[in-house]
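Visitor: when you get a sec, could you give me coordinates for this:
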Amino acid sequence: MRLDKALANTGIGTRSAVRSLIASGGVTVNGVTAKDPGMHVTDNDKIAVNGNETGIKENLYFLLDKPDSVLTAMEDPRLPCVGDYIPAELSGKKLAPVGRLDYHTTGLLIITNDGELSHRLQSPKYHIAKKYLVTFKGPGWSDGEISQVAEGITLTDMDTPVKTAPAELSVISPDKAEITLYEGKTHEVRRIFAHFGKEVTALRRVTLAGLEIDASCENTGSIRELTDGEISLLKSSVSL
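Guide: Next up, the predicted model:
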């Protein structure tokens, strides 16, 4: 990878800013002052900026606690979107959300430019577990209804009937439940609840492929890079 691209991917600045930094002598590669922003570097090279070592990041991985009333898109001319939460210096890094959360659904959303990981996490082939905390109103869940969800039900609310994959539902309180899905049909949680006469009033994704966030909504809007361990967890879940 080019040195200027590698440094830009770390978030220290735009590629033009990185080139100026290199020109000023502020970057070393393996202890030698770098002069060519186009020089090739690898993960094994030790790169330092103003004496502080930094790692090469070809792919970037973020976890966003998506707030309510935010569109799962990187840009939109009318509505707030998840792209608004990405640092400006990372624009142009081809970051994109992995799958989508509905406009009024909060919680765990991965944003990355690792296309292969994104594709596999969304593929039904890998049966990725996604757990949601659901607040609802309507009748409580019966044991029979929970068993039906576990076996898969046929939804007939759209033009074509569709059978859901088996899901795990557990009751927390009279108006709260958790449901774990292994597929990603459109509005699936809301449709399953509606099938049994229950209206979802709040929906929050709390786990994805082994990653977990706080079930409360106190940190919505927070974004951070994934740790190496979390990246490895995601990759191992899809055999990468």
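Visitor: the longest strand anywhere in the chain packs against which elements?
Guide: Identified as the longest strand of the chain according to DSSP state E is strand 199-208. On a contact count with 3 or more C-beta pairs under 8 Å, 6 or more residues apart in numbering; DSSP states H and E, strand 199-208 meets strand 105-112, strand 130-137, helix 188-195. Heads up, the C-betas are built off the backbone N, CA and C, glycines and all.
Visitor: which other residues reach the last one?
Guide: Surrounding helix 188-195, the residues in contact under the criterion C-beta atoms under 8 Å, 6 or more residues apart in numbering are 102, 132, 134, 136, 138, 149, 153, 155, 157, 164, 167, 179, 181, 185, 199-200, 203.
Visitor: this protein: helices as residue ranges?
Guide: 3-9, 15-23, 115-122, 143-151, 188-195, 228-237 (DSSP state H).
Visitor: picking that back up, go through the longest strand of the chain and flag the buried ones.
Guide: Counting neighbours by 16 or more other C-beta atoms under 10 Å, one finds that the buried residues in strand 199-208 are 200, 203-208.
Visitor: ok, stretch 137-153 next?
Guide: 141, 145-146, 148-149, 153.
Visitor: what's the answer for stretch 156-168, then?
Guide: Neighbour counts using 16+ other C-beta under 10 Å place 164, 167 of stretch 156-168 among the buried residues.
Visitor: dump that stretch to PDB, restricted to CA.
Guide: Taking Å, rounded to 0.1, in the frame of the first residue of the first chain, the C-alpha atoms of stretch 156-168 are listed here in PDB:
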ATOM      1  CA  THR A 156     -49.000 -13.100   5.100                       C
ATOM      2  CA  ASP A 157     -48.900  -9.300   5.500                       C
ATOM      3  CA  MET A 158     -47.300  -8.600   2.200                       C
ATOM      4  CA  ASP A 159     -48.100  -9.600  -1.400                       C
ATOM      5  CA  THR A 160     -46.200 -12.900  -1.100                       C
ATOM      6  CA  PRO A 161     -46.400 -15.200   2.000                       C
ATOM      7  CA  VAL A 162     -43.000 -15.800   3.500                       C
ATOM      8  CA  LYS A 163     -41.800 -18.400   6.000                       C
ATOM      9  CA  THR A 164     -39.500 -17.100   8.700                       C
ATOM     10  CA  ALA A 165     -36.500 -19.000   9.900                       C
ATOM     11  CA  PRO A 166     -36.600 -20.400  13.400                       C
ATOM     12  CA  ALA A 167     -36.000 -17.600  16.000                       C
ATOM     13  CA  GLU A 168     -35.500 -17.500  19.800                       C
END
